[in-house]
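Participant: predicted coordinates and the sequence they were generated for:
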Amino acid sequence: MKVEEQVRAALESVALATRPDEQGAYERFLRRRVRRDRMQVAMAAVLLVVLLAGAVVLPGRLRRPPVMAGAVGSPTVDVTAFQWGWRFAYAGTGVRATGGLGLGRTPELVVPVGQPVRIRLHSDDVIHSFSVPSLRFERQSIPGRVTEFDLTVAEVGTYPGRCGTYCGLAHTEMPFLIRAVPREAFSRWLHTTANTAAGPITLEGRLLTGGSWSSATVRGRLLVVTVTASWCGPCRSGQGTLNHVADAYQAKGVRFLAVAIQDTKPRALGFARTSRITYPMLLDPSGTIAQRLQVTAVPVTFVLDRDGRITARLEGQSARRTISARLDALLSGKDDNQPP
């Protein structure tokens, strides 16, 4: 309203108020004005309440879709970041997915749609971040600390993820995928994968000395597999322990195997010679065997039972008595059902 119109309305109101014959009209005008003002205030209050309710309720519903009917026992996954890759371990199932630089395919985290998944985020070395841009989601993984949160994906699909914090020269080589599937499909996948993980495995490859080798040829015997590399300092310094164990237990029928990953044949041969490795060594430049064994760092030693199932996983420089104790228990038949 223009200034002239406001002035004219004010003068008319004064005139109505001062003329005795128009007192009734002026009072009716005031009542109408009061009713209109009250209606405007009430409408503004209702609109404000609606907006506040939406601001409080809607974001929560967008982040956490309703749990599907009948959904119980939400899975828990330990997510571990390391230079440079990821390991996803489904608690209580033995199901793992590992991938990264030199370890084969991109690791995949399979989750049920509309059901919260409890994530326990770890870091093996430096600060990383679990980042999924298409879900607008990111959490940091900090060494020595476990970060727990619920992750719920609302729609079926595949969502690319990455490390969102610079963690070293190969920072960009840390992709992963989140694959959201219907709840029934997830249950079938988890059951099938868990049964496969608990079953016998067969390791195959090319020997450094030529020819092929398969763990099927030693089925019926205990097999100790060490994943190592010529460029790994702890691998070189700890090899003496493994040599002592091999010398002591090969006479008892235990077989030993070394697997060199991300290595060249000349360097692996030099490493085997200087470290006095007398048992077979396979070259795994593409990371196929490492992926099969879910290796995230070297050195790591596996003990396979007589049926080819992994019964022990010893990471780092395992002490001689630790490996010997597991082998003694298996040889005596007291440790056949011990989980890895």
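Facilitator: Ah, there it is. Numbers count the residues shown, from 1 in each chain.
Participant: strands of the stretch 151-300 of the chain, start to end?
Facilitator: 157-163, 176-181, 204-207, 212-214, 223-228, 255-261, 281-284, 300-304 (DSSP state E, counting those that start in this stretch).
Participant: go through those strands and name the closest to residue 114.
Facilitator: For these, the distance to residue 114 is smallest for strand 176-181, at 8.7 Å, taking C-beta to C-beta. C-betas here are computed from N, CA, C, even on glycine.
Participant: give me the contact list for the closest one.
Facilitator: By C-beta atoms under 8 Å, 6 or more residues apart in numbering, the residues outside strand 176-181 that reach it are 86, 88, 99, 106-113, 132, 135, 153, 155-162, 189.
Participant: can you rerun that using 7 Å?
Facilitator: Residues outside strand 176-181 that contact it (C-beta atoms under 7 Å, 6 or more residues apart in numbering) are 86, 106-113, 132, 153, 155-161, 189.
Participant: and for stretch 188-195?
Facilitator: With contact meaning C-beta under 7 Å, 6+ apart, stretch 188-195 is reached by 90, 93-95, 110, 181.
Participant: okay, it in PDB with CA atoms only?
Facilitator: These are the backbone C-alpha positions of stretch 188-195, laid out as PDB (Å, rounded to 0.1, in the frame of the first residue of the first chain):
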ATOM      1  CA  ARG A 188      20.300 -66.400   1.000                       C
ATOM      2  CA  TRP A 189      23.600 -64.700   0.000                       C
ATOM      3  CA  LEU A 190      24.900 -64.600   3.500                       C
ATOM      4  CA  HIS A 191      24.000 -68.300   4.200                       C
ATOM      5  CA  THR A 192      25.500 -69.500   0.900                       C
ATOM      6  CA  THR A 193      28.700 -67.500   1.300                       C
ATOM      7  CA  ALA A 194      29.100 -68.600   4.900                       C
ATOM      8  CA  ASN A 195      28.900 -72.200   3.900                       C
END
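Participant: for that stretch, list every residue counted as buried.
Facilitator: Neighbour counts over stretch 188-195 (16 or more other C-beta atoms under 10 Å) mark 190, 193 as buried.
Participant: chain center to it, what's the gap?
Facilitator: Stretch 188-195 sits 18 Å away from the centroid of its parent chain (C-alpha atoms, centre = their mean, to the nearest Å).
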